[in-house]
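Asker: Just the structure for this:
(one chain, ligands or ions: 2)
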Amino acid sequence: WPTFAGDIEAILALKRERNAVVLAHNYQTPEIFHCVADIVGDSLALAHKAVTVDADIIVVAGVHFMAETAKLLNPNKTVLIPDLRAGCSLAESITANDVRLMRLRYPGVPVVTYVNTSAAVKAESDICCTSGNAKAVVESLGVARVLMLPDEYLARNVAADTDVEIIAWKGHCEVHERFTAADIRELRDAHPGVIVLAHPECPPDVVAEAEFSGSTAAMSDYVEREKPTRVVLLTECSMSDNVAVAHPDVEFVRPCNLCPHMKRINLANIRAALEQNRHEVRIDPEIAGPARRAVERMLSL
Ligand code: 13P
Ligand code: SF4
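Answerer: Ligands and ions are numbered 1, 2, ... in the order given. Below is the predicted model:
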């Protein structure tokens, strides 16, 4: 704590001086999530709340696609990401040209793009989705077939729950693809009665063995609502740390996987971002227009 205290105090003062807010994803470490963030949530909540931010500067404690989404929704505000290397294996798995080629291969089939993509990929899409609304987005289009890019497992998990035919891409989240159904069976043996919650970026056989699957916010809501005695969140490690704070009576079993990209963000570089105005997110206006439309179409649902 003593090592955190100086940075926390400095960040709180800088936020006041510079009229800045910190948007933090659920995977940020507890000292960021609980001590300096103004707005927290899953990707969908962060996008919705970004629209209503009343500040000059938004610091995104999350990965690069989240900062781009915040900038798309706040073109006249300064949006900062404390470390430009905070990427995402899903966003890396597909380019704008890949989307154009998929459209040529499947003419007339609408493209639903996961928000875990670059602005350039969003700009080639009809509509975005998150893990929190993927099924609703797919079904909102009123068509028999959609392309759902780039997360193969999210696409297959949604396909298992809808009549719409889903054509997937081959991207995976490097954090969630590592969970296996065998892990769940071992967990159940070692921790009798444990309730298993799996993020929809996990492979379909993992989701099938879990009691519940949903976005990071949906997992947090599940714990709040059901108050399980013992629970395991098959997702990034900080999730359990953050949710556990409000639930001292729940036992959180913790095999988890770290997201190295989310972990690039820390108190020191959030402070440096506010002190030195770095790293400002800029999006080519030709890309920003169509990318914004895809995000706003999702938010309007
Ligand atoms: P959520 O939208 O569920 O928070 O997920 C974001 C993410 O990056 C999951 O790996
Ligand atoms: Fe990307 Fe996976 Fe990290 Fe989420 S957890 S930011 S999907 S690599």
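
Asker: Just give the nearest non-adjacent residue to the most centrally placed residue in the chain, would you?
Answerer: With distances taken as C-alpha atoms, centre = their mean, Ser43 lies nearest the centre of the chain, 4.1 Å away. Nearest residue to Ser43, sequence neighbours excluded (C-beta to C-beta, 6 or more residues apart in numbering): Thr130, at 4.5 Å. Where C-beta positions appear, they are placed from N, C-alpha and C, glycine not excepted.

Asker: Please read off the pLDDT at the one you found from the model.
Answerer: Note for Thr130: predicted pLDDT of 97.

Asker: What of Pro2?
Answerer: 58.

Asker: what does Ser240 give?
Answerer: pLDDT, Ser240: 96.

Asker: just checking, next helix/strand downstream of the strand or helix carrying it?
Answerer: For Ser240, the host element (DSSP states H and E) is helix 237-244. For helix 237-244, the following helix or strand on the C-terminal side (DSSP H and E) is strand 251-253.

Asker: tell me the contacts of the residue nearest to Ser43?
Answerer: Shown in contact with Thr130 (C-beta atoms under 8 Å, 6 or more residues apart in numbering): Asp42, Ser43, Leu44, Ala47, Tyr114, Val115, Ser215, Met298.

Asker: which residues does the first one contact?
Answerer: If a contact means C-beta under 8 Å, 6+ apart, then Asp42 has His25, Asn26, Thr130, Ser131, Gly132, Ser215, Thr216, Ala217, Ala218 as its contacts.

Asker: From those, which land in helices?
Answerer: Using DSSP state H, the members of the contacts of Asp42 that fall within helices are Thr216, Ala217, Ala218.

Asker: ranking those by neighbours, who comes first?
Answerer: Highest neighbour count within those: Thr216, with 27 neighbours (other C-beta atoms under 10 Å).

Asker: Tell me which residues touch Arg100, please.
Answerer: By C-beta under 8 Å, 6+ apart, Arg100 lies in contact with Glu124.

Asker: now the helix or strand containing it: mean pLDDT?
Answerer: Assigned by DSSP H and E, Arg100 belongs to helix 96-105. Averaging pLDDT along helix 96-105 yields 98.

Asker: Kindly report the same for stretch 260-274.
Answerer: Taken as a whole, stretch 260-274 has a mean pLDDT of 98.

Asker: tell me which residues in the longest helix along the chain are buried?
Answerer: When the chain is parsed with DSSP H, its longest helix is helix 2-18. Neighbour counts over helix 2-18 (16 or more other C-beta atoms under 10 Å) mark Phe4, Asp7, Ile8, Ala10, Ile11, Leu14, Lys15, Arg18 as buried.

Asker: show me the contacts for the spatially closest residue to the first one that is not a sequence neighbour.
Answerer: Distance criterion C-beta to C-beta, 6+ apart; nearest residue to Phe4, sequence neighbours excluded, is Glu31 at 5.0 Å. Neighbour list for Glu31: Phe4, Ile8, Leu267 [criterion: C-beta under 8 Å, 6+ apart].

Asker: Tell me how many other residues surround the last one.
Answerer: Residue neighbour count, defined by other C-beta under 10 Å, stands at 22 for Leu267.

Asker: residue contacts, it?
Answerer: So Leu267 contacts Phe4, Asp7, Ile8, Ile11, Glu31, Ile32, Val36 (C-beta under 8 Å, 6+ apart).

Asker: cool, the second one as well?
Answerer: For Ile8, the contact set (C-beta under 8 Å, 6+ apart) comprises Glu31, Cys35, Val36, Leu267.

Asker: my read: Val245 touches His34, true?
Answerer: Yes. Val245 lies in contact with His34 (C-beta atoms under 8 Å); the separation is 6.4 Å.

Asker: buried residues in stretch 282-294?
Answerer: For stretch 282-294, burial by neighbour count (16+ other C-beta under 10 Å) applies to Ile283, Ile287, Ala288, Ala291, Arg292, Arg293, Ala294.

Asker: Tabulate the residues you listed (CSV), appending secondary structure, distance to Glu124 and pLDDT.
Answerer: Formatted as CSV, the buried residues of stretch 282-294 follow (DSSP: H, G, I helix; E, B strand; the rest coil; distance: C-beta to C-beta, whole Å; pLDDT from 0 to 100):
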residue, secondary structure, distance to Glu124, pLDDT
Ile283, coil, 14, 98
Ile287, helix, 9, 98
Ala288, helix, 13, 98
Ala291, helix, 9, 98
Arg292, helix, 13, 98
Arg293, helix, 11, 98
Ala294, helix, 9, 98
